[in-house]
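Trainee: Here is a sequence with its predicted model. Questions after.
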Amino acid sequence: MGLQRQGRSRLEEYGDAKTRGQGDTGTRGPGEGETIPASPRPFASLEGRLRVSASAQPVDVSVVVPLLNEEECIEELYRQLTAALDATGRAYEIIVVDDGSTDGSFAILKQLHDLDPRLKVIRFRRNFGQTAAFSAGFDLAQGDIVITIDADLQNDPADIPMLIATLEEGYDVVSGWRINRQDKLLS
């Protein structure tokens, strides 16, 4: 697998394809070329001040979110996802894969991660596309149930409990689709 779960921080960064998984553990800061050295516990100094504490219980649900330049949606997405997932009563993680954003997306994600260790962030140094973002998220996912959702809120996070309830009826795969699309038909 492309990403080893043990010994890695919850805040990940992938390099280009030839360095992926080869010990590239530095994290880029908001300034170009700025590097924050990674440590085995990069947020250890914040552990006593986090609003949400990580629990030792297994993760039931992993939500994988590919993202590219969505700084205006991130906080609302996080709010809606946590509300929907809290309503399920299950242990969960949210894995956001920043697919090379050039806006302030990563800075917002880092702030949210600092407050909530259930939010895991993988950052690509450049845009590799949605398929690579999903693959990286799936590699990190620990839940028995894995849900994918776009970051632009075109899919309603409030539907997540319904998807899980349908799985509990004995289905192996559950899929949803947008009825009223709000995006452009042609780009």
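Mentor: Great, that's in hand.

Trainee: tell me the average confidence for stretch 82-92?
Mentor: Averaging pLDDT along stretch 82-92 gives 97.

Trainee: likewise stretch 64-79?
Mentor: 97.

Trainee: now do stretch 95-106
Mentor: 97.

Trainee: Let me see the residues that make contact with it.
Mentor: Stretch 95-106 has contacts (C-beta atoms under 8 Å, 6 or more residues apart in numbering) with 28, 30, 62-71, 74, 109, 119-130, 132-134, 136-137, 140-141, 151. Bear in mind the C-beta positions are built from the backbone N, C-alpha and C, glycine included.

Trainee: What is the end-to-end distance of it?
Mentor: Using C-alpha to C-alpha, to the nearest Å, the end-to-end distance of stretch 95-106 comes to 13 Å.

Trainee: So, low pLDDT: which residues of the protein?
Mentor: Residues of the chain that meet the criterion pLDDT under 70 lie in 1-56, 178, 180-187.

Trainee: Would you map the strands across it?
Mentor: For the chain, the strands defined by DSSP state E cover 11-14, 27-28, 35-36, 61-67, 92-99, 119-124, 145-148.

Trainee: Save those strands as TSV, and put in mean neighbour count too.
Mentor: Shown next, in TSV, are the strands of the chain (neighbours: other C-beta atoms under 10 Å):
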stretch	mean neighbour count
strand 11-14	22
strand 27-28	16
strand 35-36	12
strand 61-67	25
strand 92-99	26
strand 119-124	24
strand 145-148	19
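
Trainee: Make JSON lines out of these and add distance to S175.
Mentor: Listed next are the strands of the chain as JSON lines, based on distance: least, C-beta to C-beta, whole Å:
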{"stretch": "strand 11-14", "distance to S175": "27"}
{"stretch": "strand 27-28", "distance to S175": "34"}
{"stretch": "strand 35-36", "distance to S175": "39"}
{"stretch": "strand 61-67", "distance to S175": "15"}
{"stretch": "strand 92-99", "distance to S175": "19"}
{"stretch": "strand 119-124", "distance to S175": "24"}
{"stretch": "strand 145-148", "distance to S175": "10"}
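
Trainee: Of all the ones you listed, which one comes closest to L85?
Mentor: strand 92-99 (4.5 Å; C-beta to C-beta).

Trainee: so A132 makes contact with R126?
Mentor: No: contact criterion C-beta atoms under 8 Å: A132 and R126 do not qualify, at 10.4 Å.

Trainee: Compare those two and say which one has the larger neighbour count.
Mentor: Between A132 and R126, A132 has the larger neighbour count (other C-beta atoms under 10 Å), namely 19 against 10.

Trainee: how close does the more buried one sit to F138?
Mentor: Distance from A132 to F138, counting by C-beta to C-beta, to the nearest Å: 11 Å.
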